[in-house]
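[1] What follows is a predicted protein model with its sequence.
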Amino acid sequence: MCMGTAARPPDPRRDRGRRQAMAALRAQRAEAARFRRSVTLVALSVIAPGSAQIIAGHRKAGKIVLGVAAGLLAITLLVLWLVPLQDLAGLAVRPWLLSTFKVFVFGVALAWVVVIIDAWRLGHPPGLNQKHRLIMIGATLALAAMVSTPFVVAARYATAAHDAVVEMFPSGEVAAASDGRLNILLLGVDAGDGRVGIRPDSINLVSVDVRTGEPAMISLPRNLENTRFPDGTPADDEFPRGFSGEGDESDYMLNATWTFGEENPELFEGPSGPGPTAVKQAVEGTLGVPVHYYVAVDLQGFRDIIDAIGGITIDVHEELPIGDKGRVLEPGVQELDGYHALWYARSREGSSDYARMARQRCVIGALVNEADPRTVLANFLDLADASKSVVTTDIPQQDLTNLIDLAMKAKDQEMTSLQFVPPLIAPADPNIGLIQDQTDALLSGDAETGGSEPTESPTEEPTEEPDEGSDEPTEEPDEGSDEPTEVPDEGSDEPTEEPDEGSDEPTDEDSGDAGSGDEGSGGESGDEDESSGPVGMSSVCSYE
């Protein structure tokens, strides 16, 4: 008789272990599902704000948030697509709009962060384990920081623009163009240690046709004497025969008018202040055209502006010394930072004050050439910070939008340049009628633009080249009678620029900055720019 094997009774402990394993697996899978859901909801709030709320069952609130987000995105894309960059730049100089924009972007950033945190709340049930809770907290904070950073940067740009506009540009009346042109006086000023008052080192009038944007630049030497003031002004009554008087002749040169104005404010009343008003009136009376605005740049801080836009490209025509340590700026196309650009513009060792004027025109042209909207935007914070400390102007905030539009027109056109230096004039005794006739011919479009490139160094035969392209009046021979035709000796006591001891900063000696009598005598005609009429800037300077 066969004996069967008795069946083993079920082991309660084994069944319990199996059930526990299955329960643990189900719990693990549920935890993973909850974690995936939490990650998905937070991620969706970054990609499409409001969609997480819709998925979580809060449909009404989610649809509102999603609709607002989609509308803002559509408006932003349309603005960037349809509105030119220069028009956006024009909007970016209105203080009230900048303040509103700053509040708006902060509000959008805050709202988006709230939506992300709410998505974390909806996807974060109490059953989520500690590890996943910590991961979700870190991920949520990181994503909130990521989406808010562009808005914080935009708000910072808006704040910088607002502060720059408010601090640099006053509120005032908008000047009306005269004969279809807007004239802005550009001054490079230097009020360094050891100098009495402010003396403009660079004096250029930029005139732009408001319809076409055609630009022209007129340069006056700082040592110009007997400058005129507009008829009927108190200064004209005081100096009916021109700005002159007893004492040191350097106190009556064009670059002395700023200090004279500050010392005699009763003669130069106006919103710009007595110093700038005096220079504006002197240039206006001498050229015979109105000066609507002025912009003065502190030359010691000018290098910061050049650095802020990433430098400028200049074709250096000749070797120029840098300081007194034997260093030089080599000829050729150069990428100049602010330090070297300032030396290029101000170095006078081995050349003349008038050659330096030509280089200053090149720097202005190169700066305009580099300062396209994208470059300005990319370097905006540095540029705004540098400009606030070195630029003063009477351009009103209300006219900035129009000026930006005008600058965009002018940027794409050839700038014509006219420089009043020997042999065209004698700075010590200038023919004001000739200056005004040449200026009128240039701005009215009657002057022919010469194509020859003026030199920056002494020429061997300065009197052989005819005045091509010039509309000089027939009375110029009288002016010429005051001009010697011989090249001065190398030992001329024309002051030269030397840096201060222990410094490589380009500065003028006191005598040079004032403009010495020798420099203003008109006896350096052989050492000056050969140009005797308007020339295109491209024939004077080359930019890459």
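    Looks like it arrived, so ask away. Numbers count the residues shown, from 1 in each chain.

[2] Helices along the stretch 201-350 of the chain, start to end?
    Along the stretch 201-350 of the chain, counting by DSSP state H, counting those that start in this stretch, helices occupy 234-238, 257-263, 274-287, 299-308, 338-346.

[3] worst average pLDDT in those helices?
    Ranked by mean pLDDT, these end with helix 299-308 in last place, scoring a mean of 84.

[4] Mind listing residues that contact that one?
    Helix 299-308 has contacts (Cβ atoms under 8 Å, 6 or more residues apart in numbering) with 188-190, 192, 201-202, 297, 312, 336-339, 341-342, 345-346, 367, 379, 382-383, 385-387, 389-391, 505. The C-beta positions use only the backbone N, C-alpha and C, and glycine is treated the same way.

[5] in the stretch 251-400 of the chain, which segments are predicted with low confidence?
    The stretch 251-400 of the chain contains residues with pLDDT under 70 at 324, 350.

[6] cutoff 90 now
    270, 297-305, 307-310, 313-334, 338-339, 341-391 (pLDDT under 90).

[7] Next, please give the residue ranges for the strands of it.
    Secondary structure of the stretch 251-400 of the chain, counting by DSSP state E, counting those that start in this stretch: strands at 293-298, 312-316, 320-322, 327-329, 332-336, 391-393.

[8] Return the set of buried residues in the fifth one.
    Looking back up the chat, that one is strand 332-336. For strand 332-336, the neighbour count (16 or more other Cβ atoms under 10 Å) marks 334, 336 as buried.

[9] same check, this time on the second one
    Residues of strand 312-316 classed as buried by neighbour count (16+ other Cβ under 10 Å): 312, 314, 316.

[10] re the thing from before, output the strands of the stretch 251-400 of the chain in CSV; the columns should cover distance to residue 67.
    Converted to CSV, these look like this (distance: least, Cβ to Cβ, whole Å):
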stretch, distance to residue 67
strand 293-298, 47
strand 312-316, 48
strand 320-322, 62
strand 327-329, 60
strand 332-336, 50
strand 391-393, 45
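
[11] Which one, of these, ends up nearest to residue 112?
    Residue 112 lies closest, by Cβ to Cβ, to one member of the strands of the stretch 251-400 of the chain: strand 391-393, at 36.9 Å.

[12] just to revisit the earlier point, and the strands of the stretch 251-400 of the chain: which comes nearest residue 273?
    The minimum distance between residue 273 and the strands of the stretch 251-400 of the chain falls on strand 391-393, with 8.8 Å, by Cβ to Cβ.

[13] what pairs with the closest one, and is each one parallel or antiparallel?
    Paired strands of strand 391-393, with direction, are strand 293-298 (antiparallel) (DSSP bridges).

[14] what's the strand it pairs with in contact with?
    With Cβ under 8 Å, 6+ apart as the criterion, strand 293-298 contacts 175, 182-191, 200, 272, 276, 279-280, 305, 389-395.

[15] Please repeat the previous calculation with a cut-off of 6 Å.
    184-189, 276, 280, 390-395 (Cβ atoms under 6 Å, 6 or more residues apart in numbering).

[16] With neighbour count and distance to residue 259 as extra columns, can I get the residues you listed in CSV?
    CSV is the format used below for the contacts of strand 293-298 (neighbours: other Cβ atoms under 10 Å; distance: Cβ to Cβ, whole Å):
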residue, neighbour count, distance to residue 259
184, 20, 22
185, 26, 16
186, 20, 19
187, 26, 13
188, 22, 15
189, 25, 11
276, 29, 12
280, 27, 15
390, 18, 19
391, 19, 20
392, 18, 15
393, 20, 19
394, 22, 18
395, 20, 23
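
[17] Out of the residues you listed, which is nearest to residue 151?
    Nearest to residue 151 among the contacts of strand 293-298, with distances taken as Cβ to Cβ, is residue 391, at 29.1 Å.

[18] what residues are up against that closest one?
    Residue 391 is in contact with 168, 297, counting by Cβ under 6 Å, 6+ apart.

[19] rerun at 8 Å
    Here residue 391 is in contact with 168, 295, 296, 297, 298, 305 (Cβ under 8 Å, 6+ apart).

[20] neighbour-wise, which of these leads?
    Counting neighbours by other Cβ atoms under 10 Å, the top entry in the contacts of residue 391 is residue 296, with 23 neighbours.

[21] so what's it closest to, chain neighbours aside?
    Spatial nearest neighbour of residue 296, chain neighbours left out: residue 187 (4.3 Å); criterion: Cβ to Cβ, 6 or more residues apart in numbering.

[22] Equivalent analysis for residue 398, please.
    Nearest to residue 398 is residue 174, by Cβ to Cβ, 6+ apart, at 5.3 Å.

[23] so that neighbour touches residue 399, yeah?
    Yes - counting by Cβ atoms under 8 Å, residue 399 is a contact partner of residue 174 at 4.5 Å.

[24] Among those two, which residue is more densely surrounded?
    residue 399 (19 against 15).

[25] from what I can see the more buried one touches residue 175, true?
    Yes - the pair residue 399 / residue 175 is scored as a contact, 7.2 Å apart, by Cβ under 8 Å.

[26] coming back round to it: could I get the helices of the stretch 201-350 of the chain in JSON lines, plus columns for distance to residue 219?
    Output for the helices of the stretch 201-350 of the chain, formatted as JSON lines (distance: least, Cβ to Cβ, whole Å):
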{"stretch": "helix 234-238", "distance to residue 219": "22"}
{"stretch": "helix 257-263", "distance to residue 219": "16"}
{"stretch": "helix 274-287", "distance to residue 219": "11"}
{"stretch": "helix 299-308", "distance to residue 219": "16"}
{"stretch": "helix 338-346", "distance to residue 219": "13"}
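
[27] Out of these, flag the one nearest residue 139.
    Judging the helices of the stretch 201-350 of the chain by Cβ to Cβ, what sits closest to residue 139 is helix 299-308, at 37.8 Å.

[28] Now that closest one - C-alpha only, PDB.
    Provided in PDB are the C-alpha atoms of helix 299-308 (Å, rounded to 0.1, in the frame of the first residue of the first chain):
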ATOM      1  CA  LEU A 299      37.900 114.000 -22.200                       C
ATOM      2  CA  GLN A 300      39.400 112.300 -19.200                       C
ATOM      3  CA  GLY A 301      36.300 110.100 -19.100                       C
ATOM      4  CA  PHE A 302      35.900 109.800 -22.900                       C
ATOM      5  CA  ARG A 303      38.000 106.600 -22.800                       C
ATOM      6  CA  ASP A 304      35.300 104.900 -20.700                       C
ATOM      7  CA  ILE A 305      32.700 105.600 -23.400                       C
ATOM      8  CA  ILE A 306      35.000 104.100 -26.100                       C
ATOM      9  CA  ASP A 307      35.600 101.000 -23.900                       C
ATOM     10  CA  ALA A 308      31.900 100.700 -23.200                       C
END
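
[29] what's the angle from that helix to strand 332-336?
    Interaxial angle, helix 299-308 versus strand 332-336 (axes from the mean of the first three to the mean of the last three Cα atoms, to 10 degrees): 100 degrees.

[30] residues in contact with the residue nearest to residue 66 when sequence neighbours are not counted?
    In space, and not counting its chain neighbours, residue 66 is closest to residue 50: 3.2 Å by Cβ to Cβ, 6+ apart. With contact set as Cβ under 8 Å, 6+ apart, residue 50 has these partners: 61, 62, 63, 64, 65, 66, 67, 68, 69, 115.

[31] could you show me where the helices are in the stretch 51-200 of the chain, in order?
    For the stretch 51-200 of the chain, helices defined by DSSP H, counting those that start in this stretch occupy the ranges 51-55, 59-82, 85-91, 95-122, 130-168.

[32] what does the first one rub up against?
    Judged by Cβ under 8 Å, 6+ apart, the contacts made with helix 51-55 from elsewhere in the structure are 40-42, 44-45, 59, 61-63, 65-66, 115, 118-119, 122-123.

[33] now do 7 Å
    Residues from elsewhere that reach helix 51-55 (Cβ atoms under 7 Å, 6 or more residues apart in numbering): 41, 44, 45, 61, 62, 63, 65, 66, 118, 119, 122.

[34] I'd like to know how many residues surround the second one.
    In other words, residue 44. 22.

[35] same thing with the fifth one?
    Residues near residue 62, counting by other Cβ under 10 Å, number 25.

[36] and what of the fourth one?
    Burial of residue 61, expressed as a neighbour count using other Cβ under 10 Å, amounts to 14.
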